[in-house]
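Student: dropping a prediction and its sequence here:
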Amino acid sequence: MSEEAQELRNRQATFAKELHGDDVGSKTGLKALLSKNRDAQQEAVTKYLRHWDGKTDKEAEQRRLDDYNEATHSYYNVVTDFYEYGWGSSFHFSRFYKGESFTASVARHEHYLAYKAGIKAGDLVLDVGCGVGGPAREIARFTGANIIGLNNNDYQIAKAKHYAKKYNLADQLDFVKGDFMNMQFEPATFDKVYAIEATCHAPKLEGVYGEIYKVLKPGGTFAVYEWVMTDKYDENNPEHRKIAYEIELGDGIPKMFPAQVARDALKTVGFEILHDQDLTDSDDEVPWYYPLTGEWKYVQTLGDLATFFRTSFIGRKFTTTMVTLMEKVGVAPKGSRDVTLALEEAAVGLVAGGREKLFTPMMLFVARKPEDQSESKSKN
Ligand SMILES: CC(C)=CCC[C@@H](C)[C@H]1CC[C@H]2C3=C(CC[C@]12C)[C@@]1(C)CC[C@H](O)C[C@@H]1CC3
Ligand SMILES: C[S@@+](CC[C@H](N)C(=O)[O-])C[C@H]1O[C@@H](n2cnc3c(N)ncnc32)[C@H](O)[C@@H]1O
């Protein structure tokens, strides 16, 4: 690892301790938010929001791409508690079947990826951008595989480790700090690799896919739910660009790429694509983005009402109002309100992108690293 990368890593670890403290286990969601170090919280919000000045010109985009690691690290430092409060411990979308609860749908989406990747008991698997380990825990239980979660956010890693112990999964799971653009694993380490709604934080998809290709064993499979703009998206259409920018700002993404860029990047680094499907391109009765709308008609079970309240427009307004008041009286750290406003932009952009079919959070690619790699590079 370069001296510069090591220095950034140490700085981020020290900052995470200062911001979140040592005890990451006993508090989650809004309770955790209220116990942050105030100055550090404000600094984290400033660090994240400094790149989001409304500009979408090439220079502004380049600054966001260059600072992807710090920008994403700061983003997850400030949103993780909100995510856990509103969504749970799997930070991704899923399709919904009629009558299916929110948690069942999330778990099924994870099982499906594990199934498409062919993950089986005893496999050594890498989860790229693992969040607080919700999917890794579910996939470890479902398949019996051993999973290493890679993440550049210290707070999330500490939480993922805490939950693995709490749920007696520490033998099957490990979580390590690292940048997916520069992995420290030995080449050809993993039988399978998967990534769920994480690699969109990369400044260049060839970078992260190339690293995944390197650490996969020959013949190994990589399965990903990628966030991309669809073929309907036109970068020169101001309405479309506005939606993409809301998604970038509210979700800490330096630049949203079109599906074709992801497809080409997989091939360029040497993968053979086995499956290529936008899972939102279906006639599902219940849209994937429904929890972020205010449409009560889509709520599938009584148990989902609490989640739906928090994620819906009214629930988000309620959270923003509460957080604003708490910040005013000094209970919540400064900057907390700005985070809820950024998340609001995310919700608005995601629903608009979903309704217009300009965006998908579940572009499923299943790709294989050929046994003989010289063959694949010449084919692609
Ligand atoms: C950022 C990426 C690549 C993926 C995350 C996908 C989703 C899990 C999040 C996208 C927008 C988030 C929002 C919330 C939870 C997690 C997301 C759906 C909230 C509902 C959390 C509670 C807040 O009060 C409002 C948030 C709106 C956005
Ligand atoms: C939306 S979350 C998804 C988390 C997890 N896959 C899940 O579904 O719960 C994106 C994750 O990617 C991680 N991430 C973003 N950029 C990264 C990078 N450069 N290196 C490693 N992890 C990164 C974030 O810290 C976060 O955990």
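Tutor: Received, thanks. If you're wondering where the values come from, they're calculated on a predicted model, not measured in any experiment. Ligands and ions are numbered 1, 2, ... in the order given.

Student: other SSEs contacting the host helix or strand of residue 275?
Tutor: Here residue 275 is covered by strand 272-278, with elements defined by DSSP states H and E. Counting contacts by 3 or more Cβ pairs under 8 Å, 6 or more residues apart in numbering; DSSP states H and E, strand 272-278 packs against helix 259-268, strand 359-368. C-beta: built from backbone N, CA, C; applies to glycine.

Student: which of those has the highest mean neighbour count?
Tutor: Comparing the helices and strands packed on strand 272-278 by mean neighbour count (mean count of other Cβ atoms under 10 Å), strand 359-368 comes out on top with a mean of 22.

Student: adjacent strands (with direction) for that one?
Tutor: strand 216-229 (antiparallel), strand 272-278 (antiparallel) (DSSP bridges).

Student: looking at the ones you listed, which is closest to residue 349?
Tutor: strand 216-229 (11.4 Å; Cβ to Cβ).

Student: so is the closest one next to ligand 1?
Tutor: Yes: legend: contact between strand 216-229 and ligand 1 by Cβ under 6 Å from any ligand atom is shown at residue 227.

Student: buried stuff in that strand?
Tutor: Buried residues in strand 216-229, counted by 16 or more other Cβ atoms under 10 Å: 216-217, 220-229.

Student: stretch 229-238 too?
Tutor: Residues of stretch 229-238 classed as buried by neighbour count (16+ other Cβ under 10 Å): 229-230, 233.

Student: just the CA trace of that stretch, in PDB.
Tutor: Backbone C-alpha positions of stretch 229-238 (Å, rounded to 0.1, in the frame of the first residue of the first chain) are rendered in PDB as follows:
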ATOM      1  CA  MET A 229     -28.800   4.900 -15.800                       C
ATOM      2  CA  THR A 230     -30.800   3.000 -18.400                       C
ATOM      3  CA  ASP A 231     -30.700   3.400 -22.100                       C
ATOM      4  CA  LYS A 232     -33.600   5.800 -21.900                       C
ATOM      5  CA  TYR A 233     -31.400   8.300 -20.000                       C
ATOM      6  CA  ASP A 234     -30.000  11.200 -22.000                       C
ATOM      7  CA  GLU A 235     -27.200  13.100 -20.400                       C
ATOM      8  CA  ASN A 236     -28.000  16.200 -22.500                       C
ATOM      9  CA  ASN A 237     -31.600  16.400 -21.300                       C
ATOM     10  CA  PRO A 238     -31.600  18.800 -18.300                       C
END
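
Student: what distance separates that stretch from the centre of its chain?
Tutor: 22 Å (Cα atoms, centre = their mean, to the nearest Å).

Student: and for stretch 109-128?
Tutor: Using Cα atoms, centre = their mean, the offset of stretch 109-128 from its chain centre is 17 Å.

Student: what's the average pLDDT for that stretch?
Tutor: Computed over stretch 109-128, the mean pLDDT rounds to 98.

Student: is any part of it close to ligand 2?
Tutor: No: on the criterion Cβ under 6 Å from any ligand atom, stretch 109-128 is out of touch with ligand 2, staying 6.6 Å away.

Student: span of that stretch from start to end?
Tutor: Start to finish, the residues bounding stretch 109-128 are 16 Å apart (Cα to Cα, to the nearest Å).

Student: buried sites along that stretch?
Tutor: 109-114, 116-119, 123, 125-128.

Student: which residues of the stretch 101-250 of the chain lie near ligand 2?
Tutor: Counting by Cβ under 6 Å from any ligand atom, the stretch 101-250 of the chain sits next to ligand 2 at 129-131, 134-135, 150-153, 156, 179-181, 196-198, 201.

Student: return the subset of those residues lying in helices.
Tutor: Those of these mapping onto helices are 134-135, 156, per DSSP state H.

Student: for the residues you listed, which PyMOL command selects only the ones that are buried?
Tutor: Applied in PyMOL, the following selects the buried portion of those according to 16+ other Cβ under 10 Å:
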select buried, resi 134+135+156
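
Student: want to try TSV for the ones in helices among the residues of the stretch 101-250 of the chain next to ligand 2, with distance to ligand 1 and pLDDT as columns?
Tutor: Listed next are those as TSV, based on distance: Cβ to the nearest ligand atom, whole Å; pLDDT from 0 to 100:
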residue	distance to ligand 1	pLDDT
134	10	98
135	11	98
156	12	96
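
Student: just the closest of the ones in helices among the residues of the stretch 101-250 of the chain next to ligand 2 to residue 97, please.
Tutor: Closest to residue 97, out of all of those and judged by Cβ to Cβ, is residue 135, at 19.1 Å.

Student: got a list of what that closest one touches?
Tutor: Residue 135 makes contacts with 90, 92, 110, 113, 127, 196, as judged by Cβ atoms under 8 Å, 6 or more residues apart in numbering.

Student: and for the nearest residue to residue 153 once chain neighbours are set aside, the neighbour number?
Tutor: Using Cβ to Cβ, 6 or more residues apart in numbering and skipping residues adjacent in sequence, the residue nearest residue 153 is residue 76, 4.3 Å away. As a burial measure, residue 76 scores 23 neighbours (other Cβ atoms under 10 Å).

Student: gap between residue 76 and ligand 2?
Tutor: Remark: distance between residue 76 and ligand 2 (Cβ to the nearest ligand atom, to the nearest Å) = 4 Å.

Student: do the one helix or strand that residue maps to and ligand 1 meet?
Tutor: Taking DSSP H and E as the definition, residue 76 sits inside helix 68-86. Yes: with Cβ under 6 Å from any ligand atom as the criterion, ligand 1 is reached by helix 68-86 at 82-83, 85-86.

Student: that older thread, quick one: which of the contacts of residue 135 is nearest ligand 1?
Tutor: residue 92 (5.5 Å; Cβ to the nearest ligand atom).

Student: would you list the phi and psi of the residue lying closest to that closest one once chain neighbours are set aside?
Tutor: Distances taken as Cβ to Cβ, 6+ apart place residue 197 nearest to residue 92, at 4.3 Å, with adjacent residues excluded. In this entry, residue 197 is assigned phi and psi values of phi 50, psi 50 (degrees, to the nearest 10).

Student: brilliant, that's me finished.
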